Structure formats: structure tokens, C-alpha cells
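Undergrad: this one's sequence-less:
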């Protein structure tokens, strides 16, 4: 396989609602930003991969088709990837594969979502209709009609974990992580909650929406778009030399989808584990030659759909032990000055979560940290589908 | 009586559009819907759902090779055994919860009237996969303390069944009488559903009345601040409720109407629902972000007469934060 680097990235402002833009406009904005970042023309891009999670959000069964010409990619290949919350990560895996295989030299991954046009006219708010829209993603024979939602399916995993490890995931710790992420978001000018001050106490006292998830410890719904541009080795070196930035090499990738039905062993879903994260991280580490992630990775941009899930995922990925995820705070693993910088973007909870492009947003942020802070290596993570079924991990490293 | 529709009629908006102003620019939005009707086949799942509907029986699928038993029988063949064909078997209607089930308090728009509800997974005796199922208590508001990993439960059948997952639900075995535990095909109408009764609040003492008076001043300040906050007004838009609140310091009324929030001591003849709390100081904690009304209900410190009014409670819970954000 050929070596592949990230050579450009761009995102829009993350907003709870973009009245001023449709997903066409948001896509153009992100593409323009990424091309400007890479100092290349769209004519230099060979193919595009779209990350768009949910047809219903966009009110279109082929939501990517109008984008092809709008983003300047007419007459070139384009394909859409949709894998629930992990859509962005899988879209980047696909984009990487297209370059690594030798099929194309420069591939653009565009993730976009327009979620809060969905509106519940009964309550006169968007959120119940957004949740309902996501609700069509659950098992439609056995679970949707029981009120399956993204929140309650991830809550199942977290509660099962708490059954196994009752001393872990203390509310005080989750609240402190929340405060850290909110503070991080203040360094991200595109963050949805930029300018908002949420303390650990406010997080602790915020209301439950699905037990044990509290409102201020839950990802936001965002409208926005993000683009990441991948290039083959020779092209990457030329592009980055011209742009005056180091290439950011993709050195590890791993993905795993679990069974969606709960069972007693790994033939089915073990509810107290997120094996998708565990397996995908181990595969990515093997590819990147990483033996000890806490010593060898400096930045983690983790798909924090929920703060307690963030903690479990960090344990599944080997940054702490299962049952000791509170060490992220208690042992200072992710506190300011600690060994790992987690979600400098503010994450999906405080930065933004435009589902199809959230992991591009994470990649944009991780690359930014490697370039601006001169750090060596970062991990980007995506999770999705029911009961954290899908996982995808990408390792990136700063080149010279 | 009108037949139930696959799309609840009250959820369907009128054809229309509106203009939203952002800065000095005008943007249009239109009322739309993405809808498709189905005659959806249940195919290989049909025997399971027909057994629920017609025989009050739960079926599982057993692999003749590895003997694994999957409930519900969600596949034809065992992928672990070179796709050996599964055989359908009758399952017992009791088992244990796989893990502590999540309880939804803020549901999606189709299910807001059903909150709070729990969605659990039950290992029926002899099963190797867990059956997704609603969990209910017959003893009032569903709170997290009722169901845990390993809680013994029994599957109960709806009186009216149509061949859907909601034809059945699970209740704790501990809430059933011996005869109910033994009976196969137990119906919901055979359960003792304890009706909600307003809890008693103590008669107000002089000190308690003074406390309420302080709380009322602060609540009325909040109401005035909310009237100045666009965020708070958006939270309350299109909503009208009169809530009678009974406290240990005396009663007061919360009124939501025309994007405004008003608090007034006393009682009203007709309220949409009732809240009851011993200590009116709970509302101070609510205003100061030390507690939410939702969490107080879950912790059983605050009682509401209608579960369906969680939607209103959520709107109220947004107000202190919206006011604060508008000020910052």
C-alpha cells in the first residue's frame, strides 16, 4: 500500500441551526476552506467521499448527488459512506483506501449534516423530532417501537459497564471531564459552545434525559460541514511544501462492527464492553507500531457522544484499565498538563456534532494540534450505530 | 371513535412558510415532511410475532449444531455453524435482566406521551441472547432503583395485541402474586396498577410560609428575567400550562402562556397538572443550578400528577440556564 497523508482540512462554524445555509451551502463553505488550507484547486482533487449519516435529516434519499457539481467535482468519482455515528471515520477510512490502493492520488472527504431542520410541531421544538429521526436507525423489527434512541442504546452500554464496575464512572469525575471539554472548546473558534461556561457543578446538577445521561454531558446536535484532503506520498510532499505545513501521515487504521443483539459471549454483543473500540484501536496500534498508547500518543480526538462513554472508550483503547476510567481525572491522565490531550476541539459535546462530518471535525482538530503545538502523534476515533456497535480508529503522525 | 392512524394526526403541520431574520437578511423556511407508507412484510419474523399475538407465546430459535438459543428468533440460520437452519422452540416467560436498563425521560416526538419508560433486555430461561422489551413497574413513576442487572422479571401480554414488540412488556416478579407468577400468558389487565395519589405535604408553619415567601420573590424575579430573554421565550414558545404547586410552605401556581412564565402564591380552580414537594427550597436549588426539576422527580423529591407532563418539566428546566446565557 502507498503512504497517505492529510494535506488539508476545513470546517464550518458549528451551529445548533443554520437558518442561513442549506447543506449545499455548508458543503461549499467547508470545501472552500479545505482547498484554501491546502493551497490547491479543486481541479487537483481526483475523487470525493461523502460522509452523510441520515437521509431523513437532509430530506433526500441520495443527499450527496446535488453536491457533486456544487463542490466542483462534476465528472469525477464520488461515493457516499454512511455508518451511523461513525460515518465520518469510515468515510476517511474509505478515502485513505482509495489513495493507499493507488487508484487516486488526491481524495477529498466531505462530511456534512443538516439535522435541526427536523421540527416537532407538537412541542414546537426540534430536539424530539431529531431524536425520532435518529430513532429510525435502530432495529426496526424488534427495537424501534420500544423507543430505541441513540441515547438509550448507549445508556444500555454504560449501565451494563456500571453493573460490572460499580466503583467507576463516578458522577463527580464525569462532571470534571465535562468542564475540561467546555474549557477546551473556548480555544476552538468554530465550536458550538464557544463562549459558554459550564462548570463541573453545573454538569453535575444538569437534568437527566435518559438515565444515566445528563444534558450537559451529552453531545450537541449540530449543523455544519467538514472536509479533510488526503494525498499520496509524492503529491503530499509537494502540496505541503507549497502550503508551508508538514504532511500529517496516516500510520494506523482499524475498524470493527459488533453484533447488534445482546448475548453471553462475543458471538453477540457483550453489553458491558465496547469491543468495537477495543478491536479497532488494537488494529490501528498494530499498523502504526504502537505498543503503549499512553506513552506514544499525545492527542486524542474521541467521539464523545456521552461523557461516560468517552471514559469507557478511553479504557477500551488502552489509556487506562477497564474499571479505572476515573483515573483519567483522579490520576491526571487527561487533566491540563497531563500526558494526553483529549478533545482539544471541545469534542462532540462542546465542539460540535454534525454527524456525518463529526469525525472530520475531530481530524481537523487533531491535525491542528500536531501542526500548531508541534506534537508527534494523534488518535481519531468514531463510534456509532446501536449499542456502540461500530468503531473506527485512525492514527496520524506529524511529518517533517 | 376515529381509528388510530400510522401518523398521529395531531403531529401533522399545516402547509405554510415563514421568514426568519438573521442580522439584516431574510431567510425562508417551509413546512415539509418526508413520509412513506408501508405494508411491511414480517417475513421470517412472522411466526414469532404471530405467536405473541395469537397464542401469548414467546418463540426462540435453536441451532441444532451448537444448541445456542436466540430470542427473539431474529435469523433463519446459525452463522456460527455454516448456516445450519434454526428450529423454533417455545420459551418460558420468565427470566432475568441482562443489565440495568436505561430509562427514557426525554423521548422522541412519537413517544413523548409515554415517558418515563425503560427498555431492557431479558435472558429468558434457557436463552443465549436477550429479548429487547419494555420494562414497567406497577407501583408508580419508573425510577432507576427498581430494575437492576439480574432482576427476575416476567413477560406480560397486552390485552390488545397486533403482532408488534410492544405486545409484551416485563414487570418485576416481586410485584406479582404467586398465582400471577405461575400463569402463562399473563395479561396486563390481570395486574394491579396502583393509581397515582397526591402525596401529602405538611401543613405550613409560620417559618415555612416565610421560606416560601422568599422563594416566591426569587421565582418572580426569574419570571421577569425570562421575559427579557429571547432564549427563554423560545423555550416557552407555543406552550400553555397552568401548574398547581403544593409545598410545605403553602401552594403556588406556575403559569406558562404567550412565551411568559409567571409565579403566583395561592391556588387555581383548574390546573393542567399538580406538583408536590415538601421543601419549596427545591425551587431555589433549581434556579441556582443545584438541582433540576427532572432530577428531583427521579430522586423522588418532587412528585408530578401526570407523567406526560415531563415535556413541560423539560421546558421549565431550560429556563434558568437560558436566562443566564442571555445575560452573558
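TA: Looks like it came in fine. Values in this document were obtained by computation on a predicted structure and should not be read as measured data.
Undergrad: who are the contact partners of the residue nearest the centre of chain A?
TA: Centroid-nearest residue in chain A: residue A:359, 3.0 Å away (criterion: C-alpha atoms, centre = their mean). Contact partners of residue A:359, counting by C-beta atoms under 8 Å, 6 or more residues apart in numbering or on different chains, are A:51, A:86-89, A:91-92, A:111, A:303, A:380-382, A:392. Quick note: C-beta positions are derived from backbone N, CA and C, even for glycine.
Undergrad: go again with 10 Å.
TA: Going by C-beta atoms under 10 Å, 6 or more residues apart in numbering or on different chains, residue A:359 touches A:51, A:85-93, A:109, A:111, A:226, A:228, A:301, A:303, A:348, A:380-384, A:392, A:394.
Undergrad: same check on residue A:324?
TA: A:165, A:167, A:168, A:311, A:315, A:330, A:331, A:333.
Undergrad: if you set the cut-off to 7 Å instead, what comes out?
TA: Applying C-beta atoms under 7 Å, 6 or more residues apart in numbering or on different chains to residue A:324 gives the contacts A:168, A:315.
Undergrad: get me the contact residues on the stretch 151-300 of chain A for chain B.
TA: A:152, A:155-156, A:159-160, A:162-163, A:196, A:202, A:205-211, A:261-264, A:267-268, A:271-272 (C-beta under 7 Å from any C-beta of the partner chain).
Undergrad: so which of these are in strands?
TA: A:208, A:209, A:210, A:211 (DSSP state E).
Undergrad: highest neighbour count among the residues you listed?
TA: With neighbours taken as other C-beta atoms under 10 Å in any protein chain shown, the top of those is residue A:210, carrying 29 neighbours.
Undergrad: ok, it - contacts?
TA: Neighbouring residues of residue A:210 by C-beta under 7 Å, 6+ apart: A:151, A:152, A:155, B:102, B:103, B:104, B:105, B:106.
Undergrad: cool, residue A:307 as well?
TA: Going by C-beta under 7 Å, 6+ apart, the list of residues near residue A:307 reads A:174, A:177, A:178, A:217, A:349.
Undergrad: stretch B:90-109 and chain A, are they touching?
TA: Yes - applying C-beta under 7 Å from any C-beta, one finds stretch B:90-109 touching chain A at B:98, B:99, B:100, B:102, B:103, B:104, B:105, B:106, B:107, B:108, B:109.
Undergrad: ok, of those, which one's closest to residue B:199?
TA: residue B:105 (19.7 Å; C-beta to C-beta).
Undergrad: count the neighbours of the closest residue to the closest one other than its chain neighbours for me.
TA: Leaving out its chain neighbours, the residue that sits closest to residue B:105 by C-beta to C-beta, 6 or more residues apart in numbering or on different chains is residue B:116, at 5.0 Å. Neighbour count of residue B:116, defined by other C-beta under 10 Å: 21.
Undergrad: and what of the one 10 residues further on?
TA: Residues lying near residue B:126 (other C-beta under 10 Å) number 13.
Undergrad: could you list the residues in contact with stretch A:149-163?
TA: Contacts of stretch A:149-163 (C-beta under 7 Å, 6+ apart): A:131, A:134-135, A:138, A:169, A:209-213, A:218, A:271-272, A:274, A:305-306, A:308-309, A:312, A:386-388, B:99-100, B:102, B:104, B:108, B:119, B:149.
Undergrad: again with stretch A:365-384
TA: By C-beta under 7 Å, 6+ apart, the surrounding residues in contact with stretch A:365-384 are A:6, A:9, A:83-89, A:188, A:245-246, A:248, A:276-277, A:296-303, A:305, A:313, A:341, A:344-345, A:359, A:362-363, A:390-398.
Undergrad: the residue of chain A positioned farthest from its centre: what secondary structure?
TA: Most distant from the centre of chain A: residue A:122, at 31.5 Å, with distances by C-alpha atoms, centre = their mean. What DSSP: H, G, I helix; E, B strand; the rest coil gives for residue A:122 is coil.
Undergrad: looking at it, it is touching residue B:11, isn't it?
TA: Yes - using C-beta atoms under 7 Å, residue A:122 is in contact with residue B:11, at 5.6 Å.
Undergrad: what sits against residue B:309?
TA: For residue B:309, counting by C-beta under 7 Å, 6+ apart, the contacting residues are residue B:273.
Undergrad: so it versus residue B:299, what's the distance?
TA: From residue B:309 over to residue B:299 the distance is 17 Å, taken as C-beta to C-beta, to the nearest Å.
Undergrad: would you turn the contacts of residue A:307 into TSV with secondary structure and pLDDT?
TA: Output for the contacts of residue A:307, formatted as TSV (DSSP: H, G, I helix; E, B strand; the rest coil; pLDDT from 0 to 100):
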residue	secondary structure	pLDDT
A:174	helix	98
A:177	helix	98
A:178	helix	98
A:217	helix	97
A:349	helix	98
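Undergrad: can you give me the strands for the stretch 101-250 of chain B?
TA: B:103-104, B:117-124, B:131-135, B:152-157, B:168-172, B:241-247 (DSSP state E, counting those that start in this stretch).
Undergrad: the stretch 251-400 of chain A too?
TA: A:299-301, A:341-342, A:377-384, A:390-398.
Undergrad: quick one, which of those is nearest to residue B:239?
TA: Among the strands of the stretch 251-400 of chain A, strand A:377-384 sits nearest to residue B:239 (C-beta to C-beta), with 33.4 Å.
Undergrad: count of neighbours near residue A:101?
TA: Each residue near residue A:101 was counted by other C-beta under 10 Å, and the total is 11.
Undergrad: repeat that for residue B:257.
TA: Using other C-beta under 10 Å, residue B:257 is surrounded by 12 other residues.
Undergrad: tell me the bridge partners for it.
TA: residue B:260 (DSSP bridges).
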